[in-house]
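**Q** Fold the following, please.
(one chain, ligands or ions: 1)
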Amino acid sequence: MCGIVGYASTISTACGKPLEVCLQGLERLEYRGYDSAGVALAAPGMDQVAVRKKAGRLANLQADINNRPLPDATVGIGHTRWATNGEPSDVNAHPHTSQDGRIALIHNGIIENASRLKFDLQAEGFTFASSTDTEVVAKLLGRIANEIVDTTGRPDLFEAVRRTARMLTGAFTILAVDVRQPDIVVGARHDSPLVVGLGEGENFLGSDVAAFVAYTKQAMELGQDEAVCVSGGSVTVTDFEGHPVTDSRRFTVDWDASAALKGGWDSYMDKEIHEDPRAVADTLLGRYDTDGDLNLDEVRIDEETFRQVDKIIIVACGTASYAGLVAKYAIEHWVRIPVEVELAHEFRYRDPILTPRTLVVAISQSGETMDTLMALRHAREQGSRVLAICNTQGSTIPRESDAVLYTHAGPEIAVASTKAFVAQVVAAYLLGLYLAQVKGTMFRDEIHQIVDSLKAMPAKIQQVLDSQADTVERAAKSLADARSFLFLGRHVGYPVAMEGALKLKEIAYTFTEGFAAGELKHGPIALVEAGEPVVVIVPSSRGRDLLHNKVISAIEEVKARGAFVIAIAEEGDPDTERYADVVFWRPACPTLMSPLVDVVPLQLFALDMARLKGLDVDKPRNLAKSVTVE
Ligand code: F6R
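**A** Reported below is the predicted structural model:
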């Protein structure tokens with residue numbers, strides 16, 4: 001939520017680069033929030049920071065700047081907002097400024113003691129234009145910065161930011177610039193993301209690496225409760241007390257700037273769905289040796305510890321939790337230990353049973369979801385080990401976990417998660433197979449067979465993309481006006497049904513419900529009336545005949561009540577052909593692999609439905625890509 005970018009260079013003559021970097025960073029970060037956007041620039045000789053901000057999409061800000069150009073500068077900060085505090089409007093947009101206008105500040109998160117601080121500042125005569133917590137921090141920072149000037153005779157924005165950070169409760173990343181020090185940008189973070197981009201004669205700050213990857217791939221993580229001061233030639237990190245931090249981890253961004261561009265596709269979502277095969281292939285890469293044995297040395301937990309694991313709890317939200325639910329079926333089957341899947345926001349409030357032998361697996365595309373972060377912290381406090389399955393280098397969840405298994409899906413920009421889902425399923429499967437290997441719960445050749453099945457999946461997903469897109473589009477056209485949808489599945493088809501339902505509701509704004517097909521007669525069938533669209537995931541009849549027959553019965557039951565059935569079924573399934581109105585065909589594959597292909601037409605279906613309704617598929621209303629507040 002909220003995208004943040006900052007830029008400083010060694011060039012002491014003001015120029016257009018700080019604005020260019022901020023706008024281009026915001027363009028790449030817009031998926032984090034798109035209620036409003038703004039920039040602030042500082043340069044030697046300015047009395048006040050130059051601020052421009054506009055409600056709505058970044059394009060509004062860009063148009064405004066084109067009409068009334070901003071001055072050249074030496075440093076800049078930029079912000080794209082997902083409103084938590086105060087409605088989306090010009091005045092509530094960031095940056096906010098100090099009372100004297102010398103300092104500008106941007107913020108991601110929620111300041112919980114903002115009302116108290118505001119009350120105190122008002123008592124001192126400060127006035128407020130917006131209804132945001134951020135303006136409170138800006139005013140507070142301005143006051144502290146001036147106090148430092150009064151007592152020491154010189155400005156010290158770094159110290160002022162640290163003192164301010166010590167007074168805040170809640171979650172925050174703040175970045176600030178001060179016209180009295182127009183060569184630095186200062187940041188601080190607590191429970192909210194911030195990474196440093198390391199350039200040649202220039203340095204960057206960003207909510208994530210997308211903010212600066214067009215300029216540098218060298219990056220540095222910032223730890224919890226750390227402050228950073230960047231100029232063109234230096235990066236200094238301290239804790240909030242001012243003690244130097246010298247062990248910040250550096251890393252090289254493993255994707256190219258072009259990976260975060262649309263590359264000729266109409267939308268990021270379309271592009272990312274078409275990257276499903278690659279996300280699966282890349283997540284498998286390097287995880288098994290030439291004999292087919294799993295090799296997860298990278299996760300940094302020794303084999304003996306894995307051997308001791310007697311329970312897994314997967315914590316995640318939304319799509320990531322459905323990937324976890326798919327993995328539960330596989331891991332329990334392969335490793336013979338219980339796997340619980342818990343929505344991260346429910347987890348720590350229910351006193352879960354955690355022991356040193358419990359492995360908690362936190363699944364997160366962004367690596368910043370606050371609910372998941374809080375769940376993993378709780379698990380670690382209780383003495384359990386946490387392994388993160390994550391798609392974003394340098395993010396908080398892997399940094400705070402004992403181990404990490406990265407999904408190599410590449411940057412996912414569309415708000416609706418697609419390729420990350422298939423990559424998460426693959427990563428969780430690899431973890432399950434690795435556990436089976438070290439615990440000896442499966443024969444080596446069984447494991448090799450499953451690895452081979454996984455290796456075959458990218459081609460099968462591609463086959464679905466190539467062969468089913470037209471059928472999916474036709475179905476979407478015929479159902480574009482449907483007011484609601486039901487999604488049914490059993491076994492691994494159940495989480496896929498829920499994922500399909502989630503995609504449709506979040507980007508096409510259609511009421512959907514995904515549930516286990518077995519539940520149908522326990523209530524949901526009452527919703528079925530003539531013409532009601534019901535999407536059913538039909539398992540293969542090979543090896544799972546009973547399951548297949550039961551799902552076919554469910555289709556018959558809803559058909560008998562007039563439902564319009566869209567089925568996803570294995571090529572050549574005569575039962576499905578007989579009963580369903582439309583079928584999205586899946587190539588034959590083992591049942592546990594089927595979620596990797598079954599989700600694909602559902603992703604396409606949601607995309608087509610949203611397009612037909614003329615909606616912005618990449619930026620659905622009210623949502624943001626990284627949910628960094630609880
Ligand atoms: C749905 C979607 C969300 C996320 C959820 C978790 O399309 O994107 O449901 O899956 O917010 O996000 P991460 O994986 O970043 O923790």
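**Q** OK, now which residue of this protein is nearest to the ligand?
**A** Gly318 (1.8 Å; CB to the nearest ligand atom). Where you see a C-beta, it was placed from the backbone N, CA and C, and this is true even at glycine.
**Q** Tell me how many other residues crowd that residue.
**A** 22 (other CB atoms under 10 Å).
**Q** ok, and the closest non-adjacent residue to it?
**A** Leu502 (6.6 Å; CB to CB, 6 or more residues apart in numbering).
**Q** and if you look at Thr319?
**A** Ser417 (4.1 Å).
**Q** Do me a favour and get the end-to-end distance for stretch 198-218?
**A** Stretch 198-218 has an end-to-end distance of 5 Å (CA to CA, to the nearest Å).
**Q** nope, stretch 103-120 is what I meant
**A** 20 Å.
**Q** Any buried residues in that stretch, and which?
**A** Buried residues in stretch 103-120, counting neighbours by 16 or more other CB atoms under 10 Å, are found at 103-111, 114, 117-118.
**Q** Could you do stretch 235-244 as well?
**A** Across stretch 235-244, burial judged by 16+ other CB under 10 Å covers 235, 237-240.
**Q** For Arg102, grab the count of nearby residues.
**A** By other CB under 10 Å, the residues close to Arg102 number 23.
**Q** wait, isn't it in contact with Gly142?
**A** Yes: the pair Arg102 and Gly142 qualifies as a contact (CB atoms under 8 Å) at a distance of 6.9 Å.
**Q** residues from this protein in reach of the ligand?
**A** Counting by CB under 6 Å from any ligand atom, the residues of the chain close to the ligand are 317-320, 364-366, 369, 372, 416-417, 502, 506, 626-627.
**Q** Could you tell me which of these belong to helices?
**A** If you go by DSSP state H, the residues of the chain next to the ligand have 318-320, 372, 502, 506 in helices.
**Q** any idea how far Ala476 is from Pro590?
**A** 29 Å (CB to CB, to the nearest Å).
**Q** How about the contacts made by the nearest residue to His408 once chain neighbours are set aside?
**A** Counting by CB to CB, 6+ apart, His408 lies nearest to Asp282, which is 3.8 Å off, once chain neighbours are set aside. Counting by CB atoms under 8 Å, 6 or more residues apart in numbering, Asp282 touches 408-410, 423.
**Q** if we can go back for a sec, select, from the ones in helices among the residues of the chain next to the ligand, the two members most distant in space.
**A** Farthest-apart pair in these is Thr372 and Glu506; separation 18.1 Å (CB to CB).
**Q** If you count surrounding residues, which of the two has more?
**A** The neighbour comparison of Thr372 against Glu506 (other CB under 10 Å) goes to Thr372, with 29 against 22.
**Q** which residues does the spatially closest residue to Asn203 that is not a sequence neighbour bridge with?
**A** Once flanking residues are discounted, Asn203 sits nearest to Val230: 4.1 Å by CB to CB, 6+ apart. Assessed by DSSP bridges, Val230 has beta-bridge partners Val185, Val235.
**Q** Specify the residue ranges that define each domain of the chain.
**A** What the record gives for the chain is the domain set 3-257, 262-442, 463-619, from automatic domain parsing.
**Q** With mean pLDDT and distance to Asp452 added, can I get these in a markdown table?
**A** Putting these into a markdown table (pLDDT from 0 to 100; distance: least, CB to CB, whole Å) gives the following:
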| stretch | mean pLDDT | distance to Asp452 |
| --- | --- | --- |
| domain 3-257 | 94 | 26 |
| domain 262-442 | 94 | 7 |
| domain 463-619 | 95 | 10 |
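**Q** Can you add distance to Ser453 and give the ones you listed back as JSON lines?
**A** Listed next are these as JSON lines, based on distance: least, CB to CB, whole Å:
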{"stretch": "domain 3-257", "distance to Ser453": "26"}
{"stretch": "domain 262-442", "distance to Ser453": "10"}
{"stretch": "domain 463-619", "distance to Ser453": "5"}
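**Q** Next, the buried residues of the helix or strand encompassing Tyr329.
**A** Per DSSP states H and E: Tyr329 is located in helix 318-335. For helix 318-335, the neighbour count (16+ other CB under 10 Å) marks 318-331, 334-335 as buried.
**Q** do the same with stretch 252-270
**A** Buried, per 16+ other CB under 10 Å, within stretch 252-270: 253, 255, 257, 259-261, 267-270.
**Q** Surely Asp254 and Thr392 touch.
**A** No: in this structure, Asp254 is not within contact of Thr392 by CB under 8 Å, at 10.5 Å.
**Q** longest helix anywhere in the chain?
**A** Of all the segments of type helix in the chain, defined by DSSP H, the longest one is helix 444-479.
**Q** tell me what that one is packed against?
**A** If contacts are counted by 3 or more CB pairs under 8 Å, 6 or more residues apart in numbering; DSSP states H and E, helix 444-479 sits against helix 276-284, helix 419-439, strand 582-586, helix 594-612.
**Q** If we use 10 Å, what do you get?
**A** helix 268-274, helix 276-284, helix 318-335, helix 419-439, strand 533-537, strand 564-570, strand 582-586, helix 594-612 (3 or more CB pairs under 10 Å, 6 or more residues apart in numbering; DSSP states H and E).
**Q** ok, then the element right after the third one?
**A** Towards the C-terminus, the helix or strand next in line after helix 318-335, according to DSSP H and E, is strand 339-343.
**Q** next one: stretch 157-166 to chain centre, how far?
**A** In terms of CA atoms, centre = their mean, to the nearest Å, the centre of stretch 157-166 is set 29 Å apart from its chain centre.
**Q** May I see the buried residues of that stretch?
**A** By neighbour count on 16+ other CB under 10 Å, the buried set for stretch 157-166 is 157-165.
**Q** likewise stretch 2-10?
**A** Under the neighbour-count criterion of 16+ other CB under 10 Å, stretch 2-10 has 2-9 buried.
**Q** same deal with stretch 488-504?
**A** 488-504.
**Q** Can you get me a residue count around Thr173?
**A** Using other CB under 10 Å, Thr173 is surrounded by 23 other residues.
**Q** sorry, that was for Ser12
**A** 11.
**Q** Does it lie in a helix or a strand, and which?
**A** Per DSSP H and E, there is no helix or strand for Ser12.
**Q** doesn't Gly232 make contact with it?
**A** Yes: Ser12 is within contact range of Gly232, at 8.6 Å (criterion: CB atoms under 10 Å).
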